[in-house]
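Novice: below is the sequence, then the predicted model.
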Amino acid sequence: MKKNFVLIIGLLFLFAVSCNNSTQEQNELEKNNVELENKIEVLKITDIVCAECEKLIKVYPDFISSIENNYLIWKDGTKMFFDDGKKKSFEQLIDKPDIQDMFFFTYSTGIIDTPKINFDPGRIRNEEFFKKMYGNNKTEVYNNLETVIWLPNTLNKKIKVSKINGISQKIQAISNQLDSLPHLHKYIDNMGGTFNWRKISGTQRLSAHSFGIAIDINVNHSNYWKWTKRKQDDIIYYKNKIPLELIEIFEKHGFIWGGRWYHYDSMHFEYRPELL
């Protein structure tokens, strides 16, 4: 009887040890899986960031050297924080973006679709980034402007845009092409404007026009989200008159179109090749 009791105790002990080892192994396995998932997530994030870094370096070769240890390195040695790692609301993305946040929405070319709520690829702008590249104040930006002859064979109007990154040359190329397409002239013959150092209405954010990188075409054939927003239901109703043919000419030269935003501005084009 005593021997049987000892045997039972021994078996129970071995079972307990086995269960404990199994639990430890399970815990260790779960821990390793979590670590692996975290590593994979880091790799995904790194891949995304690296792709964005490479795009910035490619489209702004005269200014950006590299991105190291989460800092954007400019050719003159200036460092700018790239990603603050904070989760942000839509309002925070618009008002307080880091450089990485500018890629939050993916800009798509091609067929014109009604944008989803708050889908605004390009409206997120890190102001310090643009000041560093195009000018820190009105005078600095103005000194980098160059005159372009808009529709030289028909309208022959002088406009000013930044010469940095070859923007003035690109605008002139767009103008020359549009000059030979009379069916599009009604959308572009009465320009809304180019350079204008100002804040966006109702905000403390500088307009893209402040840097000489934006152009507004004919207001009379354009639509703007505030013109159609109904206060009683807070809904924005999408409207557009600008033909895809015109939009694609601008996009081909590195300009995004404000008509692809939920908060749409169909007269607006700005030079943002990093998003294309």
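Specialist: Looks like it came in fine. Numbers count the residues shown, from 1 in each chain.

Novice: correct me, but residue 112 touches residue 248?
Specialist: No - the criterion here is CB atoms under 8 Å, and residue 112 misses it with residue 248 at 10.4 Å. For the C-beta atoms, the positions are set from N, CA and C on the backbone; glycine is no exception.

Novice: so those two - more neighbours on which side?
Specialist: Neighbours were counted for residue 112 and for residue 248 using other CB atoms under 10 Å; residue 112 has more, 16 against 12.

Novice: for the more buried one, which non-adjacent residue is closest in space?
Specialist: residue 244 (5.9 Å; CB to CB, 6 or more residues apart in numbering).

Novice: how close does that neighbour get to residue 178?
Specialist: As for residue 244, its distance to residue 178 is 14 Å (criterion: CB to CB, to the nearest Å).

Novice: surely residue 121 is in contact with residue 101?
Specialist: No - taking CB under 8 Å as the definition, residue 121 is not a contact partner of residue 101, at 11.6 Å.

Novice: residue ranges for the strands of the stretch 51-200 of the chain, please.
Specialist: Remark: strands assigned in the stretch 51-200 of the chain by DSSP state E, counting those that start in this stretch are 64-68, 71-74, 79-81, 145-150, 157-162.

Novice: name the helix or strand of this structure that has the lowest mean pLDDT.
Specialist: Lowest by mean pLDDT, DSSP states H and E among the helices and strands of the chain is helix 2-59, with a mean of 54.

Novice: how about the contacts made by the nearest residue to residue 188 once chain neighbours are set aside?
Specialist: Leaving aside its chain neighbours, residue 188 sits nearest to residue 217 (4.8 Å; criterion: CB to CB, 6+ apart). Applying CB atoms under 8 Å, 6 or more residues apart in numbering to residue 217 gives the contacts 187-188, 191-192, 242, 246, 267, 269.

Novice: restricted to helices, list those residues.
Specialist: Taking DSSP state H, the ones among the contacts of residue 217 that sit in helices are 187-188, 246.

Novice: weed out the non-buried ones from the residues you listed.
Specialist: By neighbour count, with 16 or more other CB atoms under 10 Å, these hold 187-188, 246 as buried.

Novice: between those, which is nearest residue 222?
Specialist: residue 187 (8.0 Å; CB to CB).

Novice: the closest one contacts residue 218, correct?
Specialist: Yes - if you go by CB under 8 Å, residue 187 and residue 218 touch, sitting 5.3 Å apart.
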